[in-house]
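> structure, please.
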Amino acid sequence: MSNLNSVIELLKGQVQDREDEWRKERQQYQQVIFDLKTQLEEQKNINKVLNERLNSIKFAFMPIADNIRSTKKNHHRVKSDTLTFLKNEDRNITPNLTQKKPLLLNFLKELEEQQSESHIKSTYHMTHGKLHHHQRSNSNGQGVFKKQTTITIESDRSLTEREIIVGKDLFEVKGQLRSHLDGVRAIVFEQNIMATASEDCTIKLWSVDQIKSINPTTHVDPINTIRQHLGPILTMTSFSNPKISQAINFYSGGVDGTIRSYSVDQDIQFSWHAHTDVIWSLKHHPYDHRLLSQSADGSVKMWKSLIPDQFKMNHEMLQNPLANFTFRKSMNGLSTPTAIEWIIKGYENIACGYSDSLQYVIYDVATVRAIQQIRFEQDFVNQSVQPNKLLYNNDLKYLVSGHEDHKIRFCDLNTGKIYKSLICHTDAVTDLCVLQNVYLLASVSHDGSMRTWDIRKFQCLHEIPAHKQKYDEGIHAIQSYGNLVATAGADGIVKIFNYLI
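Here you go, the predicted model:
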């Protein structure tokens with residue numbers, strides 16, 4: 001009996017040993033399977049990256065006309081630092097490159113055609129077809145346009161009557177101003193002074209005469225640096241009336257919620273606390289001493305702007321706004337304004353755009369009430385379509401707005417409807433500017449490009465890559481002064497262009 005028990009114990013011991021070995025072997029195989037799965041995922045990720053790079057290369061070598069058609073629905077973003085095109089995940093481009101002619105042969109063929117024709121009219125050739133204004137932007141400084149043939153324009157026609165040809169060079173780079181240490185948010189021209197405001201908490205004043213004489217190899221220093229704000233400066237405006245006084249007054253606002261005034265000639269500074277949150281935009285009345293401010297606290301306020309003769313007035317009186325314009329979208333709170341503009345047409349109104357409302361609101365200054373609401377549409381649900389810039393003057397027929405959804409919208413105030421809506425950039429439109437020719441509109445975007453538009457035909461005339469991107473931000477502001485055009489970028493550079501037309 002004892003022998004039988006010992007045999008049973010021996011067998012149990014052997015079974016236990018085999019089970020332990022089996023568990024160890026099972027754990028080893030499980031570890032091997034886990035390692036193989038990890039390697040498989042890594043290989044899939046590598047293959048995905050390689051496929052994206054391959055599609056990007058194919059996309060870059062596609063003829064431009066096919067390139068445009070393939071990107072009509074899903075616009076790409078140009079990363080100016082890496083020169084790679086980030087595509088949407090649902091986009092699948094598989095062009096048949098064997099059916100396309102080599103670019104060099106097309107270029108030589110085009111040169112032969114240009115040499116054989118004695119009189120070439122306004123044509124602008126591409127590899128296949130005509131140039132479309134939805135052209136991809138290369139923010140690193142190398143455009144995709146080909147040279148335009150020389151166009152002879154009759155000298156007896158006025159500037160506003162000329163037919164400006166698509167693709168013709170409208171600007172040449174004069175130089176760069178590299179004095180700010182962070183992104184430049186605003187540019188203002190006033191008489192012979194140009195002022196720039198930056199996220200580095202400073203305002204720098206420049207002489208326009210010096211700017212006119214610069215070239216790409218020269219360096220210009222500011223004539224004055226103003227340090228008033230305790231945080232980044234996001235907006236700036238100005239006012240002067242040479243008929244009354246030569247004084248130039250600048251007004252700035254930013255993260256600290258204060259409006260700060262600076263008189264250039266008298267070197268006087270003044271500030272008052274205007275909002276409880278970030279001030280996004282300031283807009284001075286073109287003729288009167290009134291100032292509009294919009295803030296993330298949901299309010300648009302009108303102030304009596306500070307002029308040198310009023311600096312000795314009671315500060316408490318100056319801190320009280322003349323009017324407060326608010327728009328309540330729902331019972332939960334106020335809508336956040338993102339763009340404001342004066343509308344002066346024999347009467348005085350204010351146009352406001354909001355981040356969470358698909359409409360412009362027109363206010364009557366006298367009654368401080370909304371008198372008109374103009375609705376615009378969005379292409380996709382939950383898509384941000386907030387207006388970043390509103391532009392109006394008496395020479396324009398429309399209220400023009402630049403939006404987060406890459407579009408520029410033209411609004412007819414008489415009918416209260418959107419007359420035209422154009423996809424103008426591959427990223428958010430940040431600022432607009434009317435050039436010396438009132439029929440030409442310049443727009444800038446976070447894609448790093450500046451584009452020029454003929455608002456009579458709603459046609460893109462020219463594109464120039466101006467700034468590199470920084471943290472997905474490109475160009476913040478654009479302003480013109482005679483033949484000078486200045487752009488301010490997130491890269492901390494102010495670029496000066498010479499308007500050739």
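
> quick one: the helices in the protein?
2-61, 64-70, 103-116, 208-212, 315-319 (DSSP state H).

> what's the fourth one packed up against?
Put plainly, it is helix 208-212. strand 171-177, strand 193-198, strand 484-489 (3 or more Cβ pairs under 8 Å, 6 or more residues apart in numbering; DSSP states H and E). Yep, even glycine has a C-beta here, placed from its N, CA and C like the rest.

> who are the packing partners of the longest one?
Right, the one you point to is strand 171-177. helix 208-212, strand 494-499.

> now the residue nearest the centre of the chain: closest residue in space, sequence neighbours ignored.
Nearest to the mean C-alpha position of the chain, by Cα atoms, centre = their mean, lies residue 445 at 2.4 Å. Once flanking residues are discounted, residue 445 sits nearest to residue 425: 3.7 Å by Cβ to Cβ, 6 or more residues apart in numbering.

> which residues sit in contact with the one you found?
Residue 425 sits next to 137, 406, 443, 445-447, 449, 451 when contact means Cβ atoms under 8 Å, 6 or more residues apart in numbering.

> and what of residue 376?
Applying Cβ under 8 Å, 6+ apart, the residues near residue 376 are 358-360, 385, 409, 411, 418, 421.

> give the buried subset of these as a PyMOL selection command.
This is the PyMOL syntax for the buried subset of the contacts of residue 376, where burial follows 16 or more other Cβ atoms under 10 Å:
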select buried, resi 359+360+385+409+411+418+421
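
> and which of the contacts of residue 376 is nearest residue 473?
Nearest to residue 473 among the contacts of residue 376: residue 385, at 18.7 Å, using Cβ to Cβ.

> ok, back up a step: from residue 344, how far off is the residue nearest to residue 445?
29 Å (Cβ to Cβ, to the nearest Å).

> go on, residue 222?
32 Å.

> so between the two, which is more surrounded?
Higher neighbour count among residue 222 and residue 344: residue 222, with 19 against 15, using other Cβ atoms under 10 Å.

> burial of the nearest residue to that one once chain neighbours are set aside, as a residue count?
Among residues not flanking residue 222 along the chain, residue 204 sits closest, at 3.9 Å (Cβ to Cβ, 6+ apart). Number of residues near residue 204 (other Cβ under 10 Å) recorded here: 21.

> so residue 204 is in contact with residue 195, correct?
Yes. Counting by Cβ atoms under 8 Å, residue 195 is a contact partner of residue 204 at 7.1 Å.

> surely residue 230 is in contact with residue 256?
Yes. Shown here, residue 230 and residue 256 form a contact pair, counting by Cβ under 8 Å, at 4.7 Å.

> more neighbours: those two, which one.
In this view residue 230 and residue 256 are compared by other Cβ under 10 Å, and residue 256 has more residues nearby, 19 against 12.

> residue contacts, the more buried one?
Contacts of residue 256 (Cβ under 8 Å, 6+ apart): 229-231.

> distance check, residue 200 against residue 243.
35 Å.

> mind listing what residue 435 touches?
Neighbours of residue 435 in contact, by Cβ under 8 Å, 6+ apart: 441-442, 452, 480, 485, 499.

> hmm, which of those are the buried ones?
Looks like these have 441-442, 452, 480, 485, 499 buried, using 16+ other Cβ under 10 Å.

> now do the strands in the stretch 151-300 of the chain.
171-177, 184-190, 193-198, 203-207, 224-226, 233-239, 249-254, 258-263, 268-273, 279-284, 290-295, 300-304 (DSSP state E, counting those that start in this stretch).

> so which of those strands has the densest surroundings on average?
Ranked by average neighbour count under the criterion mean count of other Cβ atoms under 10 Å, the strands of the stretch 151-300 of the chain are headed by strand 249-254 at a mean of 26.

> by contact count, what packs against it?
Contacts defined by 3+ Cβ pairs under 8 Å, 6+ apart place strand 249-254 against strand 184-190, strand 193-198, strand 233-239, strand 258-263, strand 279-284.

> quick one: closest of those strands to residue 491.
Using Cβ to Cβ, the nearest of the helices and strands packed on strand 249-254 to residue 491 is strand 184-190, at 8.5 Å.

> appreciated, that's everything.
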